[in-house]
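# compute the structure for the input listed below.
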Amino acid sequence: MSIRVQNVSKFYGSQAALKNISFEVKKGEVVGFLGPNGAGKSTMMKIITTYIPSDNGSVEVSGFNVDSKPIDVRKRVGYLPESNPLYYEMYIREYLSFVGGLYGISGRKRRVEEMIEMVGLTPESHKKIGELSKGYKQRVGLAQAMLHDPEVLILDEPTSGLDPNQLEDIRNLIQSLGKEKSVLLSTHIMQEVEAICDRVIIIKNGEIVADDQMAQLKEEREVEVVFFHVSDKLNTDLISSISGVIKVRGVEKGQYIVSAKKGGGIIGELSKLATKKGLDIEEIRKEEKSLEDVFKSLTK
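Predicted structure coming up:
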């Protein structure tokens, strides 16, 4: 297991930033780490990367404990923090060579050129970092995170400031890296999650509220949610007996929220049921759940 987090808590004074969190990330897995601002995402990432200690629990990266073996952890982790701190007065090659020296990389010059090409910095590679656009600065941050070929990548908002063309390039790069590394990715962009991630962890107020494979989340989205309002009360068992119906919830007299598999013609079936029972339809409408809807329902 590349990342193992067990019962981790972190407090800032009396404020709990993380509350007894546990999860694992395997090699070859890209995991989206989602949550509203202030949920504890960045705090968890800083603990994994040894920037700050936890108050309770344990974290291991590639079998090394972050508290007792921090140097071994840092050798195996590439980290792009949300703030992306860079030395603006240094040239791109100069900066990456400096970072490579800190890691003791052999063949440093060749590796720097590989990273410049890999993250798409070639057109701007002659410039100082301070002269770059936000998107290219982000690419420099990605290059330094991957320079030492780490086993684990921790990326906090890696696509911030990228234009649509750059987004596609970086998505493809992260997906490619995710085949052989473990990637924990934080972002507020739901399309990024769908495009890149195999699995999603959602955190709210320092606690995990969901941990599912992306395939499972997509399956949940293949559901039609219908608001059904008729002139009198119906037995919910009658609605549940309709083919494809997954769940029925009564709201008020004659009002129901029906979840059903897509493509089953649920609106037509509900209309037939109302006609058969001699009831007038006051309202019937379909509402499809998006990944953003799932996120909102879990974090509001």
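# surely residue 211 and residue 201 touch.
Yes: between residue 211 and residue 201 there is a contact under C-beta atoms under 8 Å: 4.9 Å. No exception for glycine: its C-beta is placed from N, CA and C like everyone else's.
# so those two - more neighbours on which side?
For residue 211 and residue 201, the more surrounded residue by other C-beta atoms under 10 Å is residue 201, and the numbers stand at 23 against 15.
# for that one, name its beta-bridge partners.
residue 33, residue 211 (DSSP bridges).
# is it in contact with residue 213, as I believe?
No: contact criterion C-beta under 8 Å: residue 201 and residue 213 do not qualify, at 10.9 Å.
# longest helix in the protein, by residue count?
With secondary structure taken from DSSP state H, the chain has its longest helix at helix 164-178.
# elements contacting that helix?
Secondary-structure packing of helix 164-178 (3 or more C-beta pairs under 8 Å, 6 or more residues apart in numbering; DSSP states H and E): strand 30-34, helix 134-146, strand 152-156, strand 182-186, helix 190-196.
# off-centre distance for it?
On the basis of C-alpha atoms, centre = their mean, to the nearest Å, helix 164-178 sits 15 Å off its chain's mean C-alpha point.
# do the same with stretch 253-261
Distance, centroid of stretch 253-261 to centroid of chain: 31 Å (C-alpha atoms, centre = their mean).
# same check, this time on stretch 246-260
Counting by C-alpha atoms, centre = their mean, stretch 246-260 is centred 31 Å from the centre of its parent chain.
# put the alpha carbons of it into CSV.
Taking Å, rounded to 0.1, in the frame of the first residue of the first chain, the C-alpha atoms of stretch 246-260 are listed here in CSV:
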residue,chain,number,x,y,z
ILE,A,246,-34.9,1.7,-7.1
LYS,A,247,-36.3,3.8,-4.3
VAL,A,248,-39.5,5.7,-3.4
ARG,A,249,-39.8,8.4,-0.8
GLY,A,250,-43.1,10.1,0.1
VAL,A,251,-42.8,13.8,0.7
GLU,A,252,-46.4,14.8,1.5
LYS,A,253,-49.8,13.5,0.6
GLY,A,254,-49.7,12.6,-3.0
GLN,A,255,-46.1,13.7,-3.5
TYR,A,256,-43.2,11.2,-4.1
ILE,A,257,-39.6,11.3,-5.1
VAL,A,258,-38.9,8.2,-7.3
SER,A,259,-35.4,7.0,-8.2
ALA,A,260,-35.3,4.6,-11.1
